[in-house]
Each structure stands twice: as structure tokens, then as C-alpha cells.
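Asker: No letters, just coordinates:
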């Protein structure tokens, strides 16, 4: 999925409040049963169990080893690639859901968003 595809999906469903974010960053995850289809099935089962509507699914291929956000220190020069993100679809989706009360972003595991390296 490209950013333009997600923007189009959002514009066609501006009030949809349940979104699923799935991502696989390695072939090993697929071999271990953590592929996109497995993640999506688990998310759909969770939404059904919690009484949520069917989620619209966003699929992104990105590694969580790169930082999702970049902070520029005051007085320091900005990196050349400051406007790029390893997960542009996630940033676009979070931006949309931030303005939508009672919305849900459902992920299979928290490590789909970022590594626990802090």
C-alpha cells in the first residue's frame, strides 16, 4: 500500500473508527506464523470479541529497527532525510485518527509499532 492509496481509503471512509495496522519486517516472521494474514485474522477476531466494527486494514512493509520519529536538537543541523519515515502509512493513519473521537488503532502486537528500545 502506498500513501496515496491510504489517503484515498481515508477519504472514502472518513468516519470509520476501527483501523488495523499490520507489518512484517522479515521472512522469519512469516515462517514463524507471524505473517500479514495471521496478524489480520487475529485482529479481526479481537475486534469481533470486543464488539468493534470490522477494521479497515493498512499493510506496511517497514523495519522497526529504524526510528519512527526523528527529533532535531535545538542548534543542530537537520539530517538530510528529515522528512522521511520508515513508516509513512502509520504516521498518516495516526494523524487521521488523532482527529477522530472514539477511534481505534488495533495492532497484533505492540512491536508492530516500534521496538521497546527505550
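Answerer: Noted; the coordinates are in hand. Since we're looking at a predicted model, the values are computed, not measured.
Asker: List the buried residues in whatever helix or strand residue 93 lives in.
Answerer: If you go by DSSP states H and E, residue 93 is part of helix 88-98. For helix 88-98, the neighbour count (16 or more other C-beta atoms under 10 Å) marks 88, 89, 90, 92, 93, 96, 97 as buried. C-beta: built from backbone N, CA, C; applies to glycine.
Asker: for the residues you listed, which one is nearest residue 50?
Answerer: residue 97 (16.7 Å; C-beta to C-beta).
Asker: Any chance you could list what contacts the lengthiest helix in the chain?
Answerer: Assignment by DSSP state H gives helix 36-49 as the longest helix of the chain. For helix 36-49, contacts defined as C-beta atoms under 8 Å, 6 or more residues apart in numbering pick out 18, 20, 22-24, 53-55, 57, 59, 104, 106-108, 112.
Asker: Let's see the pLDDT reported for residue 114.
Answerer: Note on residue 114: pLDDT of 68.
Asker: for residue 102, that is, sorry about that
Answerer: Note on residue 102: pLDDT of 89.
Asker: swap in residue 26?
Answerer: For residue 26, pLDDT reads 64.
Asker: Just name the shakiest helix or strand of the protein by mean pLDDT.
Answerer: helix 27-31 (a mean of 59; mean pLDDT, DSSP states H and E).
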